[in-house]
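K.L.:
have a look; sequence and predicted model below, questions after that.
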Amino acid sequence: MALSLFTDSIRMDYQTSTPIYDFDLGMSEPCHKTDVRQIAAQLLPPLYSLVFIFGFVGNMLVVLILINCKRLKSMTDIYLLNLAISDLLFLLTVPFWAHYAADQWTLGNAMCRLLTGLYFIGFFSGIFFIILLTMDRYLAIVHAVLALKARTVTFGVVTSVLTWVMAVLSSLPGIIFTRSQKEGSRFTCSPHFPQHQYHFWKNFQTLKMIILGLVLPLLVMVVCYSGILKTLLRCRNEKKHKAVRLIFAIMIVYFLFWAPYNIVLLLSTFQDFFGLNNCESSNRLDQAMQVTETLGMTHCCINPVIYAFVGEKFRNYLSVFFQKHIARRLCKHCPIFQREIPERGNSVYTRSTGEQEISTGL
């Protein structure tokens, strides 16, 4: 709901279904979008709730395991932790958008801007940390000697701080122009660009989202993973085919989850250019926006699986964490859970490999 709001040119009284003229679409008659709103009110809250539950549980497990078991011993751990925090920041706003989709905005202007800011910061920081993880894999596999010096915890912390700064700067326009106000008989939380610069800022926001959210990460993935594949295919490793499949899965999953939304966003913003400036096309684009945005949001639920749980060592950490901190408390008198559990992950970590297992996904 939040991402599509900054390009939403619909002004509709939800309670009376009285439309206001949509000048942005260049229409001479009001465009009734009651069906779009009703579908959103029924469909989005349960979908957003599922995204929140699965995403929150998965990313919290990543955070707890990285802190309690792995103890942030490598640059990869730092990036994985920050990616999980980014997804959690993003997910914390989802229940509020679910309530907004079902009713109206009731939390006031300050919360509107705060939650919009958290949403965008989580979104952009997540993308940037995916890029950093991709480059981290590239260094660890293609330039292994250089990686020994470059892939340090200190460098990971410094680059992470800079990444958060970049995420905040990228989010500023969305935060500044978003506000809550009464439109018709209901309150909304949406962007309101200056009238004399409306088209500039709307187009700028869309192009920024497409470039940073799709073009840049895919470009980095194609370049880095091409080098990784060449290196893996040359080496004699019985597990290399699993790594190759994982690499393709990362690229394909990211593209499948976010490309549809970016395409719809582009079509929605430049409706005149694509000949879609009519009421029927506008309604279809709004419905497509709801579906593709929800699909994109679910990517934060997939991140823990792709970047953490696929690795064998991380699964071992998960098993140790479950037995030590969950199973023991649920079954205090079960002898099997009272024995001291060895830290299996510690014995397989070496400074020279720099967490190669997570970097390759093996």
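P.N.:
Sure, I can see it. Since this is a predicted model, take the numbers as computed values, not measurements.

K.L.:
how about the strands in this protein?
P.N.:
Using DSSP state E, the strands of the chain run over 178-183, 186-191.

K.L.:
run through the chain and note the low-pLDDT ranges.
P.N.:
Applying pLDDT under 70 to the chain picks out residues 1-36, 236-244, 247, 311-312, 325-362.

K.L.:
50 - rerun?
P.N.:
Applying pLDDT under 50 to the chain flags residues 5-28, 337, 341-362.

K.L.:
and residue 93, what are its phi and psi?
P.N.:
phi -90, psi -20 (degrees, to the nearest 10).

K.L.:
OK, contacts around it?
P.N.:
2, 115-116, 118-119, 122 (CB atoms under 8 Å, 6 or more residues apart in numbering). Where C-beta positions appear, they are placed from N, C-alpha and C, glycine not excepted.

K.L.:
how about 10 Å then?
P.N.:
1-2, 48, 52, 114-123 (CB atoms under 10 Å, 6 or more residues apart in numbering).

K.L.:
could you do residue 222 as well?
P.N.:
Residue 222 is in contact with 134, 251, counting by CB under 10 Å, 6+ apart.

K.L.:
deepest in the core, which of the strands of the chain is it.
P.N.:
Neighbour counts (mean count of other CB atoms under 10 Å) averaged over each of these peak at strand 186-191, with a mean of 20.

K.L.:
for that strand, which strands pair with it and how are they oriented?
P.N.:
strand 178-183 (antiparallel) (DSSP bridges).

K.L.:
now the strand it pairs with, how far from the centre of its chain.
P.N.:
26 Å (CA atoms, centre = their mean, to the nearest Å).

K.L.:
between the contacts of residue 93, which is closest to residue 288?
P.N.:
Nearest to residue 288, judged by CB to CB, of those is residue 1 at 14.3 Å.

K.L.:
ok so, going back, wait, which of the contacts of residue 93 is closest to residue 279?
P.N.:
The closest of these, once distances to residue 279 are taken by CB to CB, is residue 1, at 21.7 Å.

K.L.:
what would the strands of the chain look like in TSV with distance to residue 253?
P.N.:
What follows is the strands of the chain, written out as TSV (distance: least, CB to CB, whole Å):
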stretch	distance to residue 253
strand 178-183	30
strand 186-191	29
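
K.L.:
so the lengthiest helix in the chain versus strand 186-191, what angle?
P.N.:
Using DSSP state H, we find that the single longest helix of the chain is helix 108-142. For helix 108-142 against strand 186-191, the angle by axes from the mean of the first three to the mean of the last three CA atoms, to 10 degrees is 40 degrees.

K.L.:
next, the buried residues of stretch 102-110.
P.N.:
104-105 (16 or more other CB atoms under 10 Å).

K.L.:
what does that stretch contact?
P.N.:
By CB under 10 Å, 6+ apart, stretch 102-110 touches 14-15, 40-42, 44-46, 48, 96-97, 99-100, 111-112, 114-115, 178-183, 185-190.

K.L.:
switch to 7 Å and redo it
P.N.:
14, 41, 45, 96, 112, 179-180, 186-189 (CB atoms under 7 Å, 6 or more residues apart in numbering).

K.L.:
CA atoms only: put it into CSV for me.
P.N.:
Output in CSV follows, covering the C-alpha atoms of stretch 102-110 (Å, rounded to 0.1, in the frame of the first residue of the first chain):
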residue,chain,number,x,y,z
ALA,A,102,-9.3,-2.0,5.3
ASP,A,103,-10.5,1.4,6.6
GLN,A,104,-8.8,4.8,6.6
TRP,A,105,-5.8,6.5,8.1
THR,A,106,-6.5,7.1,11.8
LEU,A,107,-3.0,7.6,13.3
GLY,A,108,-2.4,11.3,12.4
ASN,A,109,0.2,13.1,10.3
ALA,A,110,3.3,12.3,12.5
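
K.L.:
and it, how far from the chain's centre?
P.N.:
Its chain's C-alpha centre and that of stretch 102-110 lie 23 Å apart, by CA atoms, centre = their mean.

K.L.:
now do stretch 163-179
P.N.:
15 Å.

K.L.:
take that stretch, keep the C-alpha atoms, and write them as PDB.
P.N.:
Extracted as PDB, the C-alpha positions of stretch 163-179 are listed here (Å, rounded to 0.1, in the frame of the first residue of the first chain):
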ATOM      1  CA  THR A 163      24.600   2.000   3.400                       C
ATOM      2  CA  TRP A 164      22.100   3.100   6.100                       C
ATOM      3  CA  VAL A 165      23.000   6.800   5.300                       C
ATOM      4  CA  MET A 166      22.300   6.200   1.600                       C
ATOM      5  CA  ALA A 167      19.000   4.500   2.400                       C
ATOM      6  CA  VAL A 168      17.900   7.500   4.500                       C
ATOM      7  CA  LEU A 169      18.900   9.900   1.800                       C
ATOM      8  CA  SER A 170      17.000   7.900  -0.800                       C
ATOM      9  CA  SER A 171      13.900   7.900   1.400                       C
ATOM     10  CA  LEU A 172      13.800  11.700   2.100                       C
ATOM     11  CA  PRO A 173      11.600  12.700  -0.900                       C
ATOM     12  CA  GLY A 174       9.000  10.100   0.100                       C
ATOM     13  CA  ILE A 175       9.100  11.300   3.700                       C
ATOM     14  CA  ILE A 176       9.000  15.000   3.000                       C
ATOM     15  CA  PHE A 177       6.000  14.900   0.600                       C
ATOM     16  CA  THR A 178       3.900  12.400   2.400                       C
ATOM     17  CA  ARG A 179       1.300  13.600   4.800                       C
END
